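Q: What follows is a protein structure lacking sequence information:
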């Protein structure tokens, strides 16, 4: 599913198998007029059902290519399942200033946030250059939401509102420079 609109993009690459990531991305995108790219799979998960983000190839998908060609910065919404982080949100990706702004909004909403890349497990950092979150000119933020947090409707609402506010602030503010590579 895609909606090509504004220069801010929201992605949910594992919608369906990482609920409610698609719902969150769609609500934020609709609220601020952002572009949306989502892959909504059946609601079960098996090893073949999860395509690692760096394997999404814009050359294989005209829709993904159109999305990445339109947006300047991306918020990519994911779900994580780590016993030690299931009540947290981890903010990776190459746009560290936007991650900081987003983390601030989430903390104000009462959420526990990890936005220091050194404290996020390498496989959750969203830092690889081939990850779609890092392809737009100003990169983006990979938002990994813990399983327990995703199951709490009140926390999901708080998270969605914090993301919406940070997205509005970003859209109204100056363009954040850089598509810096951060780790691998």
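A: Received, thanks. What you see is a predicted model, and the numbers here were worked out from it, not measured in a lab.

Q: Just list what the helix or strand where residue 69 lies packs against, helices and strands only.
A: Assignment of secondary structure by DSSP states H and E places residue 69 within helix 62-70. Based on contacts counted as 3 or more CB pairs under 8 Å, 6 or more residues apart in numbering; DSSP states H and E, the elements that helix 62-70 packs against are strand 2-3, strand 8-15, strand 35-40. For glycine as for every other residue, the C-beta is placed from the backbone atoms N, C-alpha and C.

Q: make it 7 Å
A: Other elements packing on helix 62-70 under the criterion 3 or more CB pairs under 7 Å, 6 or more residues apart in numbering; DSSP states H and E are strand 35-40.

Q: Nearest to the spatial middle of the protein, which residue is it?
A: The central residue of the chain, meaning the one whose C-alpha is nearest the mean C-alpha position (CA atoms, centre = their mean), is residue 76 at 1.9 Å.

Q: Beyond the helix or strand that contains it, next helix or strand please.
A: Secondary structure assigned from DSSP H and E places residue 76 in strand 73-80. Once the chain leaves strand 73-80, the next helix or strand it forms, by DSSP H and E, is strand 88-92.

Q: who touches that next one?
A: Judged by CB atoms under 7 Å, 6 or more residues apart in numbering, the contacts made with strand 88-92 from elsewhere in the structure are 80, 99, 102-103, 106, 111-115, 117, 120, 124-127, 141-146, 149, 159.

Q: Okay then, goodbye and thanks.
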